[in-house]
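J.: fold the following, please.
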Amino acid sequence: MTIFTITYNEELMLPYFIEHYRLRFPNCKIVVYDNESTDDTVKIALKNDCEVITYKTNGKLDDTTYLEIKNNCWKNCKGWVIVCDCDELIDVSDYILTLESNEGATLIRFNAFNMVNMVNMANDLNIDGIKHGIRTESYDKSYCFDTRFISEINYSAGCHSASPIGSKIAYSNSIYFAYHYKYINADYMVNRHANFAKRLSEINIKKGYGGHYLQTETQIRNEFLNAQSKAKLIWTK
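T.: Numbers count the residues shown, from 1 in each chain. All right, here's what the predicted structure looks like:
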């Protein structure tokens, strides 16, 4: 199993990402495509035996490069792969993928949730403590597929949809959970949006990619409170 992710300043989320997937895939290879992070992201990745590939976008958030990486990074692999962002944790394992292979599946289906921190403290960044979420269909992505049968995944912008091509396109009968850690902390979200807004490339702005990063602080905080009002307990790990 090889797991691919893209990072920019993910020192908070990356340790949880690594722990999550190493528990489910003890022998997995984790490949981190890092967009010149300025925090400890690369140091954390290397310390945890991840392969790090640095890519440059002239200091800009460029979704066309992001998309090109995700559509191609896995093509030298033979077997199951996971392609996801650092804040996306999917609940599958070696055992589950063995069962799905035996059933003939080549792509895994997911029901996704935006995870919401219900603790209203400025310094609360405990990812493990986040158990509530909101069902979010747009994150039912094609995170996991078998490259022995899939030759092209053809993700669209943001990878929210895919048009796979290959010798066998067979989705799993079972549906598994995917957890997107969007609402970790209101202050963290405000600062992250502001930093990403500054980095938006011209093509992102032209095409509207990452437009949510342009929200005002008031809009972000209201969205966070609204998410808390709708969230339900979904994970009892």
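
J.: this protein: strands as residue ranges?
T.: With DSSP state E, the ranges of strands along the chain come out as 2-7, 29-34, 51-54, 80-83, 88-90, 107-116, 132-135, 144-146, 150-152, 165-166, 171-183, 232-233.

J.: and the ones you listed as JSON lines, adding distance to Arg199?
T.: C-beta here means a position set from N, CA and C on the backbone, and glycine is covered the same way. As requested, those are exported to JSON lines (distance: least, Cβ to Cβ, whole Å):
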{"stretch": "strand 2-7", "distance to Arg199": "14"}
{"stretch": "strand 29-34", "distance to Arg199": "14"}
{"stretch": "strand 51-54", "distance to Arg199": "16"}
{"stretch": "strand 80-83", "distance to Arg199": "22"}
{"stretch": "strand 88-90", "distance to Arg199": "20"}
{"stretch": "strand 107-116", "distance to Arg199": "22"}
{"stretch": "strand 132-135", "distance to Arg199": "27"}
{"stretch": "strand 144-146", "distance to Arg199": "29"}
{"stretch": "strand 150-152", "distance to Arg199": "29"}
{"stretch": "strand 165-166", "distance to Arg199": "32"}
{"stretch": "strand 171-183", "distance to Arg199": "18"}
{"stretch": "strand 232-233", "distance to Arg199": "33"}
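
J.: what would those strands look like in a markdown table with mean pLDDT and mean neighbour count?
T.: Supplementary listing: those in a markdown table, determined by pLDDT from 0 to 100; neighbours: other Cβ atoms under 10 Å:
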| stretch | mean pLDDT | mean neighbour count |
| --- | --- | --- |
| strand 2-7 | 98 | 23 |
| strand 29-34 | 98 | 20 |
| strand 51-54 | 98 | 14 |
| strand 80-83 | 98 | 24 |
| strand 88-90 | 98 | 23 |
| strand 107-116 | 98 | 21 |
| strand 132-135 | 98 | 20 |
| strand 144-146 | 98 | 23 |
| strand 150-152 | 98 | 15 |
| strand 165-166 | 98 | 14 |
| strand 171-183 | 98 | 18 |
| strand 232-233 | 96 | 10 |
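
J.: tell me which of the ones you listed sits nearest to Cys159.
T.: Judged by Cβ to Cβ, the one of the strands of the chain that comes nearest to Cys159 is strand 80-83, at 7.5 Å.

J.: Provide the count of other residues in contact range of Lys78.
T.: Using other Cβ atoms under 10 Å, Lys78 has 9 neighbouring residues.

J.: brilliant, that's me finished.
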